[in-house]
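In: Quick one: sequence and predicted model below, then my questions.
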Amino acid sequence: MIKLKVDGVEIEVPQGATVLQACEIAGKEIPRFCYHERLSIAGNCRMCLVEMDKSAKPVASCAMPAANGQVIYTNTELVKKAREGVMEFLLINHPLDCPICDQGGECDLQDQSMKYGVDKSRYQLNKRSVKEKYMGPLIKTVMTRCIHCTRCIRFASEVAGVPDLGTTGRGENMEITTYLEKTLDSELSANVIDLCPVGALTSKPYAFEARPWELTKTESIDVMDAVGSNIRVDTKGWEVKRVLPRLNEEINEEWISDKTRYACDGLSKNRIDKPYIKVNEKLEACSWEQAFDFIIKNTKDLSGDKVFGVVGDLIDVESMYMFQKFLNTSYKSNNIDFRQTNLFINQSHKANYLFNTTIARLDEADLVVLVGSNPRLEAPIVNIRIRKAFLARKTKVYSIGDNFDLTYPHENIGTTHSAIAEILNKKGKIYESLKTSKKPVFIIGESALSSNGEYILETIKKILKESNSLNENWNGLNILHQKASSVGAIYLNLMKENFLEKLNDDNNKLVYLLGADHVKLSKKNQFIIYQGSHGGLNSKIADVVLPGAAYTEKKGIYVNTEGRVQSANKATFPPGDAKEDWKIFRALSEKFNNLIDINTHEILRENLFKDFPIFKNFNEIP
């Protein structure tokens, strides 16, 4: 540890810390624009100047390493004058367009000029103006506002792995731009909006929609993949205006994918907001009462093996639990499954279907083998961690199966079965790397589990056991799920053997789809009920359509690919006559004279925790 003094108080900081970090440990606030905890140090805004003993000039605290015996002052007259000077220079060319800037109200430049700026300008010349850049449909650019902190450049090249941004020119003529007039091609591109300390890069879809103080902010969980990124949902009235990342060091740090950020656009489009029943081969709007009567009239004689339930990708645990209860009590059926395509899952032990290394510990891996998985598209947050491991320790990455464009160097080794057999027979490049590897990671994607999944899973387990990589300290076996509901459904035992074959045979039966849009149905003698938030292919062929709530419109539990139980909160209300899914099952069970006596969400959770205690342990790795 290093000992130094900050404003007369002696503190200890770890080796390798900077003066800025030392000041923060001492509880002093240091202004900054270019410095960011997760990016390399640039030292180009000079806003973080502090005074140091034996130094004739103020020093940039973000770039100065802390050393034993340093004496730092953060609030002297010299520091005040230096910061005012820097702020004056930053504002020389900054346009006076705060009233029409989307960053207004959450702008670092606004906040810091209030605290550290002066109240007049001595600059008499014209301000410079910079041509706008096209960075794609998500990022709005007003580059005249840019203060050249270079955070966006460092994020693109270091975290996202797409070195598309850079600077041209020098001094007054310096501009940040994409090379060769191209868009920022990354699935994480919109994180530069959060990083930008001024209004140079803002969200294009959110432009002029709302001011920060008009929004209601709700902490929640993302359901666009199985990673369970922590998010904040900002609403104005009924409408979700934007989704922002929330800090969680163990999952998404402070990044989210573009899909997570902009999927909220779809919450107001193509919504099912009233019940429908099929009359003369056409869906007609009706009341809840009519829809329930129609269901009872057509399905009251069906039960047991004639009744099937399919769970969709974005369904919360409480809704699945009520769905299971409803089919059991009203139809005496437990034919319910979450797999809409053929997918092998071994339920015998949690390690067979979870991401056991955990997302946070991917940083430690010294060998990564992707088996039928493309983390860049399936789980961009996992992809960031693999890239981080590569940058930190030159981790070797091999992919088995299709060759993908990843954001780090990797080698593609043939087709799935032959490459895995080669490792088992102690041959090939992967085996040679595995011999010297201390912390290897195998990531098995859903496409690998779809064809001969049992062979792939068991063989990889055998390989890892033989290399002693399945032990108390390290588990290199990882299943990368793609759907937010998958692990929660496995915990609830929503799995049936040969489910898809039975679902599409010719027998007369009821198929109840809970937000299941990807299952292919033959639609011969089946009576189909579709319950969900958005109209899709399966809602078009359904005999009854019931309007459910989307993920921002209900409180619910989601379990991520690591098996971490997290709770999402209700940010807004379902539109029209739509209801939360569990309330629909409760009302429908009453019609069947098999009332599920659960009247509040609190009672629902009590019942769930009693039947499945595993859901009690929030934010824990099993």
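Out: On my side now, so go ahead.
In: so E620 sits right up against V565, yeah?
Out: Yes - the criterion here is Cβ atoms under 8 Å, and E620 meets it with V565 at 7.1 Å. For the C-beta atoms, the positions are set from N, CA and C on the backbone; glycine is no exception.
In: Pick out whichever of these two has more residues nearby.
Out: Each of E620 and V565 has its neighbours counted (other Cβ atoms under 10 Å); V565 has more, 22 against 9.
In: give the contact list for that one.
Out: I557, Y558, V559, I614, F615, K616, N617, F618, N619, E620 (Cβ atoms under 8 Å, 6 or more residues apart in numbering).
In: JSON lines for those, including pLDDT?
Out: As requested, these are exported to JSON lines (pLDDT from 0 to 100):
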{"residue": "I557", "pLDDT": "97"}
{"residue": "Y558", "pLDDT": "97"}
{"residue": "V559", "pLDDT": "97"}
{"residue": "I614", "pLDDT": "95"}
{"residue": "F615", "pLDDT": "95"}
{"residue": "K616", "pLDDT": "94"}
{"residue": "N617", "pLDDT": "92"}
{"residue": "F618", "pLDDT": "95"}
{"residue": "N619", "pLDDT": "94"}
{"residue": "E620", "pLDDT": "92"}
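In: Buried only: go through these for me.
Out: Neighbour counting by 16 or more other Cβ atoms under 10 Å classes I557, Y558, V559, F615 among these as buried.
In: How about the first one, nearest residue that isn't a chain neighbour?
Out: In this case it means I557. Nearest residue to I557 in three dimensions, chain neighbours excluded: V317, at 4.0 Å (Cβ to Cβ, 6 or more residues apart in numbering).
In: surely the one you found meets K555?
Out: No - assessed by Cβ under 8 Å, V317 is found out of contact with K555, at 11.0 Å.
In: which of the two has more neighbours?
Out: The residue with more neighbours, out of V317 and K555, is V317; 23 against 18, by other Cβ under 10 Å.
In: State the distance from the more buried one to V559.
Out: Distance of V317 to V559, given as Cβ to Cβ, to the nearest Å: 7 Å.
In: quick one: common contacting residues for the two?
Out: Residues touching both V317 and V559 (Cβ under 8 Å, 6+ apart) are G488, Y491, F615.
In: any chance of those residues in JSON lines, plus distance to T218?
Out: Below are the shared contacts of V317 and V559 laid out as JSON lines (distance: Cβ to Cβ, whole Å):
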{"residue": "G488", "distance to T218": "21"}
{"residue": "Y491", "distance to T218": "25"}
{"residue": "F615", "distance to T218": "21"}
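In: Out of those, which comes closest to K509?
Out: Closest approach to K509 among these (Cβ to Cβ): G488, at 25.8 Å.
In: how about that closest one, what does it touch?
Out: Contacts of G488 (Cβ under 8 Å, 6+ apart): D316, V317, M320, I557, Y558, V559.
In: Tell me the one of the shared contacts of V317 and V559 nearest E29?
Out: Using Cβ to Cβ, F615 is the member of those that lies nearest E29, at 40.6 Å.
In: In space, not sequence, find me the middle residue of this protein.
Out: S229 (3.5 Å; Cα atoms, centre = their mean).
In: how far does the lowest-mean-pLDDT helix or strand in the chain sit from the chain's center?
Out: Across the helices and strands of the chain, mean confidence by mean pLDDT, DSSP states H and E is lowest for helix 416-424: a mean of 86. On the basis of Cα atoms, centre = their mean, to the nearest Å, helix 416-424 sits 32 Å off its chain's mean C-alpha point.
In: same for that helix, what does it pack against?
Out: Here helix 416-424 touches strand 396-400, helix 428-436, helix 453-466, going by 3 or more Cβ pairs under 8 Å, 6 or more residues apart in numbering; DSSP states H and E.
In: Could you look over the ones you listed and pick the most buried one?
Out: For these, average neighbour numbers computed from mean count of other Cβ atoms under 10 Å are highest in strand 396-400, which has a mean of 23.
In: Could you verify that I528 is part of a strand?
Out: Yes - assessed by DSSP: H, G, I helix; E, B strand; the rest coil, I528 belongs to a strand.
In: Now it. Nearest residue, chain neighbours left out?
Out: Closest to I528 by Cβ to Cβ, 6+ apart is A542, at 4.5 Å.
In: From I251, how far out is the one you found?
Out: 35 Å.
In: all strands for the stretch 501-622 of the chain, in order.
Out: 509-514, 526-532, 544-547, 556-559, 565-568 (DSSP state E, counting those that start in this stretch).
In: Reformat the helices and strands packed on helix 416-424 as a markdown table; add mean pLDDT and distance to E37.
Out: Listed next are those as a markdown table, based on pLDDT from 0 to 100; distance: least, Cβ to Cβ, whole Å:
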| stretch | mean pLDDT | distance to E37 |
| --- | --- | --- |
| strand 396-400 | 94 | 26 |
| helix 428-436 | 91 | 32 |
| helix 453-466 | 93 | 34 |
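In: mind putting these in a markdown table, distance to F344 included?
Out: Converted to a markdown table, the helices and strands packed on helix 416-424 look like this (distance: least, Cβ to Cβ, whole Å):
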| stretch | distance to F344 |
| --- | --- |
| strand 396-400 | 16 |
| helix 428-436 | 22 |
| helix 453-466 | 3 |
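In: What is the burial count for the closest residue to V223 other than its chain neighbours?
Out: Residue nearest to V223 in three dimensions, not counting chain neighbours: A484, with 3.8 Å by Cβ to Cβ, 6+ apart. Using other Cβ under 10 Å, the number of residues around A484 comes to 27.
In: Quick check: A484 vs E132, distance?
Out: Taken as Cβ to Cβ, the span from A484 to E132 is 37 Å.
In: repeat for I359
Out: As defined by Cβ to Cβ, I359 lies at a distance of 37 Å from E132.
In: Settle it for me: which of those two has more neighbours?
Out: The neighbour count for I359 versus E132, taken as other Cβ under 10 Å, is higher for I359 (26 against 10).
In: Report the contact partners of that one.
Out: By Cβ under 8 Å, 6+ apart, the contact set of I359 is V227, E250, I251, I381, V382, R385, E562.
In: Out of these, which comes closest to Q124?
Out: I381 (49.2 Å).
In: Just the element for the closest one, please.
Out: If you go by DSSP states H and E, I381 is part of helix 380-393.
In: low-confidence ranges in this structure?
Out: Low-confidence segments of the chain, defined by pLDDT under 70, span residues 508.
In: again, only using 80
Out: Counting by pLDDT under 80, the low-confidence segments of the chain come to 179-180, 416-417, 505-508, 522-524.
In: First-to-last residue distance for stretch 31-49?
Out: Chord length of stretch 31-49, first to last residue, is 9 Å (Cα to Cα, to the nearest Å).
In: got the buried residues for that stretch?
Out: 31-36, 39, 42, 44-49.
In: List the contacts of it.
Out: For stretch 31-49, the surrounding residues in contact (Cβ under 8 Å, 6+ apart) are 18, 20, 30, 58-63, 79, 82-83, 86-87, 90, 108-109, 112, 115-116, 147-151, 154-155, 158-159, 195, 197, 253-254.
In: The residues you listed in helices, which ones?
Out: 20, 79, 82-83, 86-87, 90, 108-109, 112, 115-116, 151, 154, 195 (DSSP state H).
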